[in-house]
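[1] My questions are about this predicted structure, shown below with the sequence.
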Protein chains: 2
Amino acid sequence: MALVVQKFGGSSVANPERIKRVAKRVTECKEAGNNVVVVVSALGDTTDELITLAKQINPNPSEREYDMLVSTGEQISIALLAMAIQALNYPVISLTGAQVGIRTDNTHAKAKIMGIGTERLTEELNQGKIVIVAGFQGVNINNDVTTLGRGGSDTTAVALAAALKADVCEIFTDVDGVYTADPRLVPNASKLKTISYDEMLELASLGAGVLQPRAVEFAKIHNVTLCVRSSFNYNEGTILQEVSEMEKDIVVSGVAHDLNVVKFAIYDVPDKPGIASKIFKALANATINVDMIIQSAERNGINDIAFTTSKDDMDKALKVLDSLNGDLGSPSYKYRDNVAKISIVGAGMITNPGVAAMMFEALYEEGINIDMITTSEIKVSCIINAEDTEKAVKSLHNKFDLDKIS
Amino acid sequence: MALVVQKFGGSSVANPERIKRVAKRVTECKEAGNNVVVVVSALGDTTDELITLAKQINPNPSEREYDMLVSTGEQISIALLAMAIQALNYPVISLTGAQVGIRTDNTHAKAKIMGIGTERLTEELNQGKIVIVAGFQGVNINNDVTTLGRGGSDTTAVALAAALKADVCEIFTDVDGVYTADPRLVPNASKLKTISYDEMLELASLGAGVLQPRAVEFAKIHNVTLCVRSSFNYNEGTILQEVSEMEKDIVVSGVAHDLNVVKFAIYDVPDKPGIASKIFKALANATINVDMIIQSAERNGINDIAFTTSKDDMDKALKVLDSLNGDLGSPSYKYRDNVAKISIVGAGMITNPGVAAMMFEALYEEGINIDMITTSEIKVSCIINAEDTEKAVKSLHNKFDLDKIS
């Protein structure tokens, strides 16, 4: 008997009809002879509605109370999905993060999973029940509710699959799998049959939006087989596997774009040791994830430093920069939020020189200005103007013949 | 330093403005030098909205999942109220029933509180924090969420006041206190300054609607001083005290009416020992609270038995009666839900004969038919047609000169 972890996102359970459809899908998996653990996110816009309500009361609540509030969204989902499965006459039980024993650190709103208790889960599965677990949430050592941050339900699903040694973790979403580019921008984008964890990691952290990067990282470390597929049809999805099994002759697997980016530039920073560390330590202390970092070559004893964060962290980052001003001499800073990050990703890139050059050429041919560049072994990213996004993605998809991948 | 428990119902926190007003009220109590524990119900219609959503998915969900669902309502309230108090710059923390350690029995949807852990509460109070506790909910021995049933937040507040040995438990509601009759029906109804636990118990269980009977019972057993007052003004409320301090010369303190009543009548029940026990044991096993019970005098070896329940239990009671049919020979039953229970309540009634007769006379003078009668030491109740409710309450209020009580 196989053990399958299935994860359904907010859009899959946005209304009673969809919840019933998910219930049917879950029971089909059970009926096929599997033990089934289901992770579910909050219904459609519930989380956003709760946040809107909170902002009317306090624009700046503590993150502890924020977590107390938004974690109710998933608790509603698990109860409703359990009810829908009861209506189909299958034994089922819903469990909150606290009830499962999903233990996290103390960082509210962005908690990291430290461990998962499997006792209750195993007990319920042994009784033949389908177990529904609230995604996105856990408890810290004080028994206070914590949430895992954006897309945290993916992480919950993968962590459960790892803890229970599940055979597969299926991530149901509103797309058929992982594509060579966003099909809304590039109509002839191809669906990938397989992709490596590392490529997916780059794509996810670049805003391909299908899977949360922490979830992929978790899957890679614990060797969890992931399958990304649609909750609206029965098409085969995309399997995440180790790179050894990948076709090596594909240089670039996909083009990703991310509009949830703010670029900060700090000018006239004294060229002294410890300055960069001071800036990025302060940002880290405020639990801001900094993505790209660039420091210009020193000129007349001063530097310019630029970095990007997600838009969610913009207000916090601005506060940190304001508070730093005194320590840094008299630098000034600017920020821009009408930017996009465009990236090409591919495990075959390491062994193929000139891929970055092809990317810059494609952007140049479209007259698109490049603001920042970073590279890793399997990707190249550029910051460009937000309004150039679609043009950039299309030209890169075309340049690397991605419509011909299958 | 006094310890005050304050309880605010759903209408007091129905929208952001009202939540802010409650926050102000709570901080005023803190500012006056008290330790403050606040119990809060779900926002306005949240619970009903969740139940409507559930019914679209499964008209008959398990009570465990029902509790998992509806308990989110109070969790939303406590987080939002804590945020509102943070906005006023007071230290505050919200706690769910599970976090406080409100331990209940295993009866979902109608759980009884078995004990309250005071460790976390005391710790937070000692740190100078206002503590907000979710009403209506607890956890059973399996760590599953339970709810306390209709008006359970009152019970939570009184139980917390008892466990913490609070100086007073203030129940904030949308009325100024306890009246001699519902002021919506009887415009010249008087507000009582004090009332005994027993009288309040009768009034509450009769649907006066201000306080949950279990809460009053709890308060009586643990000698918790209760104060019922309005969350919309600063008027003095009604204090619940022991009867010894009451004015003994008031015979009738109030007239109560309850429209949440169904009357069941079982005809042609064999007059054999154990039949009544069989019926009411089956109803009890289905956790149906039976209120009035009447058995007619035996005639030709058969009896008629009538009883009332709340409308919430109607469907369950019908099921029980259908399942019993075989065991009881061939009785038939009827039920009516267009009835009301009208009661007069007063601690002075015991020593005053003829009070019941005055009640029947008043109803007779209005041409109101009496369907069932029950009496206790401090109350007389009659079942009448629902459409006669207002006329009956007015005539009784007038008959016992209740507009002259102050």
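    Received it, and whenever you're ready, just let me know what you need.
[2] What lies in contact with stretch A:399-406?
    A:180-181, A:186, A:188-190, A:192-193, A:250-255, A:344, A:358-359, A:361-362, A:397 (CB atoms under 8 Å, 6 or more residues apart in numbering or on different chains). C-beta coordinates here come from the backbone N, C-alpha and C atoms, glycine included.
[3] and those residues, which are buried?
    Listed as buried from these are A:180-181, A:186, A:189-190, A:192, A:250-255, A:344, A:358-359, A:362, A:397; burial here means 16 or more other CB atoms under 10 Å in any protein chain shown.
[4] where are the low-confidence patches of the stretch 101-250 of chain A?
    Under the criterion pLDDT under 70, the flagged ranges of the stretch 101-250 of chain A are A:204-209, A:243-249.
[5] that older thread, out of the buried ones among the contacts of stretch A:399-406, which sit inside strands?
    A:254-255, A:344 (DSSP state E).
[6] mind giving me JSON lines with those residues and columns for pLDDT?
    What follows is those, written out as JSON lines (pLDDT from 0 to 100):
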{"residue": "A:G254", "pLDDT": "89"}
{"residue": "A:V255", "pLDDT": "92"}
{"residue": "A:I344", "pLDDT": "91"}
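[7] Pick the one among these closest to chain B.
    A:G254 (37.7 Å; CB to the nearest CB).
[8] Isn't the closest one up against A:A181?
    Yes - the pair A:G254 / A:A181 is scored as a contact, 6.2 Å apart, by CB atoms under 8 Å.
[9] Kindly report the residues of chain A close to chain B.
    Proximity of chain A to chain B (CB under 8 Å from any CB of the partner chain) is limited to residues A:16, A:19-20, A:50, A:53-54, A:56-58, A:61-62, A:64-66, A:68-69, A:71-72, A:75-76, A:78-80, A:82-84, A:86-87, A:93-94, A:96, A:98-99, A:143-145.
[10] Just the buried ones from the residues you listed, in ChimeraX syntax?
    Only the buried entries of the residues of chain A next to chain B go into this ChimeraX selection, using 16+ other CB under 10 Å:
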select /A:16,19,20,50,53,54,57,58,61,62,64,65,66,68,69,71,72,75,76,78,79,80,82,83,84,86,93,94,96,98,99,144,145
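[11] mind listing which of the residues of chain A next to chain B are in helices?
    A:16, A:19-20, A:50, A:53-54, A:56-57, A:64-66, A:68-69, A:71-72, A:75-76, A:78-80, A:82-84, A:86-87, A:98-99 (DSSP state H).
[12] distance of A:R150 from A:Q6?
    Using CB to CB, to the nearest Å, we find A:R150 at a distance of 21 Å from A:Q6.
[13] Please read the previous query as pertaining to A:T173.
    With the distance defined as CB to CB, A:T173 ends up 12 Å from A:Q6.
[14] returning to what we had before: now, the buried ones among the contacts of stretch A:399-406 that are in helices?
    Checking the buried ones among the contacts of stretch A:399-406 against DSSP H, those in helices are A:358-359, A:362, A:397.
[15] give me every residue that touches A:N35.
    A:N35 makes contact with A:1-4, A:125, according to CB under 8 Å, 6+ apart.
[16] try 6 Å this time
    Going by CB atoms under 6 Å, 6 or more residues apart in numbering or on different chains, A:N35 touches A:1, A:3, A:125.
[17] Most neighbours out of those residues, which is it?
    Using other CB atoms under 10 Å in any protein chain shown as the neighbour criterion, A:L125 leads the contacts of A:N35 with 19 neighbours.
[18] Which residues are in contact with that one?
    A:N35.
[19] Let me see the backbone angles for it.
    phi -60, psi -40 (degrees, to the nearest 10).
[20] and what of A:A356?
    Torsion angles at A:A356 (phi, psi; degrees, to the nearest 10) stand at phi -60, psi -40.
[21] same deal with A:E119?
    The phi/psi pair for A:E119 (degrees, to the nearest 10) reads phi -60, psi -60.
[22] So what's the residue count around it?
    A:E119 has 9 neighbours, counted by other CB under 10 Å.
[23] ok, now the one 4 residues further on?
    Close neighbours of A:E123, defined as other CB under 10 Å, add up to 13.
[24] swap in A:A14?
    Neighbours of A:A14 (other CB under 10 Å): 15.
[25] surely it meets A:G44?
    Yes - A:A14 lies in contact with A:G44 (CB atoms under 6 Å); the separation is 3.4 Å.
[26] Where do the strands of the stretch 151-300 of chain A begin and end?
    Using DSSP state E, counting those that start in this stretch, the strands of the stretch 151-300 of chain A run over residues A:168-173, A:194-196, A:226-230, A:238-241, A:254-258, A:262-270, A:290-295.
[27] which of those strands sits most buried?
    Mean neighbour count (mean count of other CB atoms under 10 Å in any protein chain shown) peaks for strand A:254-258 among the strands of the stretch 151-300 of chain A, with a mean of 27.
[28] Pass me the low-pLDDT residue ranges in the stretch 251-400 of chain A, would you?
    Looking along the stretch 251-400 of chain A with the criterion set at pLDDT under 70, you get A:297-299, A:325-330, A:350-351.
[29] What separation do you get for the nearest residue to A:V40 once chain neighbours are set aside and A:L53?
    Using CB to CB, 6 or more residues apart in numbering or on different chains and skipping the chain neighbours, the partner closest in space to A:V40 is A:S77 (4.6 Å). Distance, A:S77 to A:L53, using CB to CB: 18 Å.
[30] Could you do A:Y197 as well?
    For A:Y197, the distance to A:L53 - CB to CB - is 38 Å.
[31] got it, and A:K391?
    Per CB to CB, A:K391 is found 39 Å from A:L53.
[32] again, but for A:K191
    In terms of CB to CB, A:K191 sits 39 Å off from A:L53.
[33] For the spatially closest residue to A:T72 that is not a sequence neighbour, give me its contacts.
    Take A:T72 and drop its neighbours on the chain: the residue closest to it by CB to CB, 6+ apart is B:T72, 4.0 Å away. Going by CB under 6 Å, 6+ apart, B:T72 touches A:72, A:75-76.
[34] Show me which of those residues is closest to chain B.
    Distances from chain B to these, taken by CB to the nearest CB, are shortest for A:T72, at 4.0 Å.
[35] what's near enough to touch the residue nearest the centre of chain A?
    Centrality entry for chain A: nearest residue to the mean C-alpha point is A:Q212, 2.2 Å, by CA atoms, centre = their mean. Residues near A:Q212 by CB under 6 Å, 6+ apart: A:151, A:154-155.
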